[in-house]
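# Sharing a model prediction with you, sequence too.
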Amino acid sequence: MIERFLKQTTFTSVEDYNKNLEFIIPENFNFAYDVMDAWAEEKPDGLAILWTNDQGEEIRTTFAELKEQSDQAASYLQSLGIGKNDPVMLILKRRYEWWIIMLALCKIGAIVIPATHMLTKKDIIYRNTRASVKAIICVDDAYVTSQIQLAMPDSPTVKQYITVTDHGKPIPEGFHDWQAEWQQAPKFVRPAFVNENDDTMLMYFTSGTSGEPKMVAHDYLYAMGHLTTGVFWHNLHEGSLHLTVADTGWGKAVWGKFYGQWFAGATVFVFDHEKFNADTLLRQIEKYKVTSFCAPPTIYRFMIREDLSKYDLSSLEYCCTAGEALNPAVFDKLKEKTGLTIMEGFGQTETTMTLGTMPWMTPKPGSMGIPNAQYHIDLLRADGTSCEDGEKGEIVIRVGDRKPIGLFKYYYRDEELTREAWHDGIYHTGDMAWRDEDGYYWFEGRIDDVIKSSGYRIGPFEVESALMTHPAVVECAITGVPDDIRGMVVKATVVLGKEWKDKAGDDLVKELQQHVKKVTAPYKYPRIVEFVDELPKTISGKIRRVEIRNADKQKTTK
């Protein structure tokens, strides 16, 4: 399959990859037709999806079956008046139907907007209004449907509400019944014209670490941009069974559960569950013999707290992580317990993988890896000049005359915000890093997360990494607190392991402070330590340090 889209399909070194990665770009590329329907013809009996849930139910779907189902869904959506350029919001958790509907919307040229099930009435109205959403397809969850119903009077652009439920269950008022209706649609006829390559295919409202959500618009070539994600970073092939831990409302779902994996002809493994539990997840990997795994660092932090000798993880060949920087202590502990190496990657909702540790590279614990050859990555100082090795700067993408495959189009309906992030031929990520002499990048934090204390610039990640080497710490977040003398002081908000929670107090605070002084430069130690049960996070698992800072501000103003 990938030979249709790459001039060279295998690489043996960084130099080989950087020199020879070149895409073959068809006219009017459409992932649903050009990849998925092609697999249905070439490998009809190949397993496309292996879905299971926490109730023990299973669905195994071949490529041929998935084509038939997505065609039927496309016809049904057309019968509801949904077509080219119509924005459709999906709130489906990990329901099996998400994969069918994603392909169906691609086949009719509609714009898909995946969203989280945790949206409130206000959130839904905001999204419906900003994006002129025409239809909402949601899971049959009492909270989700009630919030949509509350949003209906203030969402005039939405013409259709569809709920996906189990057969026989009552349907909320105002909703279509997906299960009862979709298979009754007439035979699907492919539209004569579906899309240009630069048409909008997908939009995400980024939850972000601060501010209101932005609408990130992607074109049809965004799907192709994830070929490198699945085939190279995840190191997938036909026969791979890949599990990425991600809610379908998060951009990481299409990173790890959709585009790149199916370019490789791999099977997407889905575990549909309500609440994360490390033991349960490890049992799924063991039972189904998952070969490839990707999860945010948070998941790994909880996994290594389990007795991993209890599980047969021999099927696992490859592990990756993204979402936040991986603390070296987590990398080392998993390696020690299982022999597995975690290959880190970096990107944003606005991009595909921009930095990564590829199979032909030796990973450096804590490093994001090197630039993905489909992007021209640089580090810039505040004055716009390029950083030297070892110097901290902002990660940027030099765009030049031609937008790289995988980079977003713009922030939908927000020219000012687009210009702030993307100007003078450069897209500014807002993330800080430094580069070592081997070309590996090391994450420092968001620009607005960097702490300036007594003249020193302190990146949250370096202090978090030091704290994570203490056995008491499961998770932590480093923020700055205003201080009259030092400008700012470092604060650590810490989640303790269950066996340490009864020890929370002044003695443990001092112990953690001394630990940081020993592991990293003494001036970086947290002068304030607060113990909490959990950290505020986005749906993608990123720590919302802005919430911690805002809570601290409220405390000081009272």
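That came through fine. Residues are numbered from 1 along each chain as shown.

# what's the pLDDT at the closest residue to residue 159 other than its chain neighbours?
Counting by Cβ to Cβ, 6 or more residues apart in numbering, residue 159 lies nearest to residue 134, which is 5.6 Å off, once chain neighbours are set aside. C-beta here means a position set from N, CA and C on the backbone, and glycine is covered the same way. Note for residue 134: predicted pLDDT of 98.

# who touches residue 134 in this structure?
Residues near residue 134 by Cβ atoms under 8 Å, 6 or more residues apart in numbering: 82, 86, 87, 88, 157, 158, 159, 160.

# for the first one, phi and psi?
Reported as degrees, to the nearest 10, the phi and psi values for residue 82 are phi -100, psi 130.

# tell me the contacts of residue 159?
Residue 159 makes contacts with 81, 134, 135, as judged by Cβ under 8 Å, 6+ apart.

# Out of those, name the ones that lie in strands.
Using DSSP state E, the members of the contacts of residue 159 that fall within strands are residue 135.

# Dump the contacts of residue 159 into JSON lines; add distance to residue 31 as well.
Below are those laid out as JSON lines (distance: Cβ to Cβ, whole Å):
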{"residue": "81", "distance to residue 31": "24"}
{"residue": "134", "distance to residue 31": "21"}
{"residue": "135", "distance to residue 31": "21"}
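
# tell me which of the contacts of residue 159 is nearest to residue 277?
Relative to residue 277, the closest of those is residue 135; by Cβ to Cβ it sits at 34.1 Å.

# Could you tell me how many residues sit around the closest one?
22 (other Cβ atoms under 10 Å).

# Leaving out the residues flanking it, which one is nearest to it?
By the measure of Cβ to Cβ, 6+ apart, the closest residue to residue 135 outside its immediate chain neighbours is residue 160, 4.0 Å from it.

# Kindly report the same for residue 79.
With sequence-adjacent residues excluded and distances taken as Cβ to Cβ, 6+ apart, residue 79 is closest to residue 185, at 5.2 Å.

# picking up where we left off before, the residue nearest to residue 135 and residue 80 touch, don't they?
Yes: contact criterion Cβ atoms under 8 Å: residue 160 and residue 80 qualify, at 5.0 Å.

# anything in contact with each of those two?
With Cβ under 8 Å, 6+ apart, residue 160 and residue 80 have common neighbours 135, 176.

# In this structure, what helix or strand scores lowest on average pLDDT?
Between all helices and strands in the chain, the lowest mean by mean pLDDT, DSSP states H and E belongs to strand 456-458, at a mean of 73.

# Residue 389 belongs to a helix?
No: Residue 389: not assigned to a helix; according to DSSP: H, G, I helix; E, B strand; the rest coil it is coil.

# wait, what's in contact with it?
434, 435, 436, 437.

# From residue 379, how far off is the closest residue to the third one other than its chain neighbours?
Counting by Cβ to Cβ, 6+ apart, the nearest residue to residue 436 once its immediate chain neighbours are dropped is residue 389, at 6.3 Å. Residue 389 sits 9 Å away from residue 379, going by Cβ to Cβ, to the nearest Å.

# that older thread, what is the neighbour count of the residue nearest to residue 135?
18.

# Same check on the one 10 residues further on?
Applying the criterion other Cβ under 10 Å, we find 8 residues in the vicinity of residue 170.

# Show the pLDDT at it.
Here the pLDDT value assigned to residue 170 is 85.

# Now for it: which residues touch it?
Residue 170 touches nothing, counting by Cβ under 8 Å, 6+ apart.

# can you confirm it is in a strand?
No: per three-state DSSP, residue 170 lies outside any strand segment and is coil.

# Adjust the sequence numbering to begin at 588 for everything that follows.
Sure thing, new numbering starts at 588, so read that last one as residue 757.

# Over to it: give its phi and psi.
Main-chain torsions, residue 757, degrees, to the nearest 10: phi -70, psi 150.

# gap between it and residue 890?
39 Å.

# what does residue 793 give?
27 Å.

# Longest helix in this structure, please.
helix 650-666 (DSSP state H).

# Which strands and helices lie in contact with that one?
In terms of contacts (3 or more Cβ pairs under 8 Å, 6 or more residues apart in numbering; DSSP states H and E), helix 650-666 is packed against helix 625-629, strand 634-640, helix 684-695.

# Now do the contacts for the nearest residue to residue 1012 once chain neighbours are set aside.
Among residues not flanking residue 1012 along the chain, residue 986 sits closest, at 5.3 Å (Cβ to Cβ, 6+ apart). Neighbour list for residue 986: 963, 994, 1009, 1012, 1013, 1014 [criterion: Cβ under 8 Å, 6+ apart].

# The residues you listed in strands, which ones?
Counted as lying in strands by DSSP E, out of the contacts of residue 986, are 1009, 1013, 1014.

# remind me which residues of this structure are low pLDDT?
Within the chain, the stretches with pLDDT under 70 are 794-799, 1041-1043, 1126-1128, 1143-1145.

# Residue 936: neighbouring residues, count only.
Neighbours of residue 936 under the rule other Cβ under 10 Å: 21.

# Please give me every residue in contact with it.
By Cβ under 8 Å, 6+ apart, the neighbours of residue 936 are 791, 793, 803, 838, 995.

# before we move on, what about residue 893?
Residue 893 is in contact with 865, 866, 869, counting by Cβ under 8 Å, 6+ apart.

# Does it belong to a helix, a strand or coil?
With three-state DSSP as the basis, residue 893 sits in coil.

# and it, what are its phi and psi?
According to degrees, to the nearest 10, residue 893 has phi -80, psi 160.

# Buried among the contacts of residue 976? Need that as a selection in PyMOL.
Selecting only the buried entries of the contacts of residue 976 in PyMOL, with 16 or more other Cβ atoms under 10 Å as the criterion:
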select buried, resi 1021+1022
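
# In strands only, show me the contacts of residue 976.
Using DSSP E, the contacts of residue 976 in strands are 1021, 1022.

# which one of the contacts of residue 746 is nearest residue 690?
The closest of the contacts of residue 746, once distances to residue 690 are taken by Cβ to Cβ, is residue 722, at 16.2 Å.

# buried residues in stretch 1072-1082?
Result for stretch 1072-1082 [16+ other Cβ under 10 Å]: buried residues 1073, 1075, 1076, 1077, 1078, 1079, 1080, 1081, 1082.

# Next, the contact list for the fourth one, please.
When contacts are counted by Cβ under 8 Å, 6+ apart, residue 1077 touches 1038, 1040, 1045, 1050, 1065-1068, 1111-1115.

# Check the fifth one too.
Neighbour list for residue 1078: 1065, 1066, 1067, 1068, 1113, 1114, 1115, 1116, 1117, 1135, 1139 [criterion: Cβ under 8 Å, 6+ apart].
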